[in-house]
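[1] give me a 3D structure for the following:
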Amino acid sequence: MTPQAFDNLLAATVARYLSEVAAPGEHLALLRWQIEQGHRLDLRTTYPGHVTTSAIILSPDHRQTLLIDHITIGRWLQPGGHYEDAPAFHHSAMREAEEETGVTGLTLHPWHSQSDLPFAIDSHDVPGKASRNEPPHIHHDLQYLFLADPALPLVAQLEEVHAAQWQDVAMLDEFAPKAADRLRTLAAPG
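    Below is the predicted model of the structure:
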């Protein structure tokens, strides 16, 4: 995707998210400002922030979520990472999840209605990494819901994660509170 196509898609996605999904008081001011200023949000070297995508993977009954024990961050998180070129943002999130966990058979949750509308957009602080000359910055994380079978085997990508494991969905409250709150209003499909 060209930088211009990325910018157009991101601007349209954020506008649609704000009109259809965002909670009252959820303004995404920094993300919108960076879009308006023409920042290259597809590049991890863009500061003060850039786009990441992540996958909130649920068991079909919504009781479990697939998490990674992230090496750099040192805690359990949903799989995801810096945006990588893809025809849609949820494809970038899916690719990261598959790479980090080895999960197979991911399907986009019916909530998305096969669209690329994020379930949540979470702009959060990230500590810098001196070994990369990376200052503290912001990740504008586009979060997508997926379903997967927790009985299938997992293979953690040990360069980036210590482990991949199914956990109780309540763990999302610790690091993805916006998505966790929204999930409480969502019934399991079927």
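
[2] low-confidence ranges in the chain?
    190 (pLDDT under 70).

[3] so where do the strands sit in the chain?
    49-58, 64-70, 75-77, 80-82, 107-108, 120-126, 137-147, 161-168 (DSSP state E).

[4] list the helices and strands the last one packs on?
    Judged by 3 or more Cβ pairs under 8 Å, 6 or more residues apart in numbering; DSSP states H and E, the packing partners of strand 161-168 are strand 64-70, helix 89-101. Placement of C-beta: from N, CA and C, glycine included.

[5] would you list the strands of the chain in JSON lines and tack on mean neighbour count and distance to A179?
    Shown next, in JSON lines, are the strands of the chain (neighbours: other Cβ atoms under 10 Å; distance: least, Cβ to Cβ, whole Å):
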{"stretch": "strand 49-58", "mean neighbour count": "25", "distance to A179": "5"}
{"stretch": "strand 64-70", "mean neighbour count": "22", "distance to A179": "10"}
{"stretch": "strand 75-77", "mean neighbour count": "17", "distance to A179": "12"}
{"stretch": "strand 80-82", "mean neighbour count": "20", "distance to A179": "12"}
{"stretch": "strand 107-108", "mean neighbour count": "17", "distance to A179": "15"}
{"stretch": "strand 120-126", "mean neighbour count": "17", "distance to A179": "4"}
{"stretch": "strand 137-147", "mean neighbour count": "23", "distance to A179": "5"}
{"stretch": "strand 161-168", "mean neighbour count": "16", "distance to A179": "14"}
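
[6] L183 is nearest to which of the helices and strands packed on strand 161-168?
    The closest of the helices and strands packed on strand 161-168 to L183 is strand 64-70. By Cβ to Cβ, the value is 8.9 Å.

[7] got the contact list for that closest one?
    56-59, 75-79, 97, 100-101, 103, 148, 150, 154, 156, 160-169, 171-172 (Cβ atoms under 8 Å, 6 or more residues apart in numbering).

[8] how about a cut-off of 6 Å?
    Residues outside strand 64-70 that contact it (Cβ atoms under 6 Å, 6 or more residues apart in numbering): 57-58, 76-77, 79, 100-101, 150, 161-164, 166-167, 169, 172.

[9] give me the number of residues near D85?
    11 (other Cβ atoms under 10 Å).

[10] nearest spatial neighbour of the most centrally placed residue in the chain, chain-adjacent residues omitted?
    Most central in the chain under Cα atoms, centre = their mean is S54, positioned 2.0 Å from the mean C-alpha point. Sequence neighbours aside, G80 is the residue nearest to S54 in space, at 2.6 Å (criterion: Cβ to Cβ, 6 or more residues apart in numbering).
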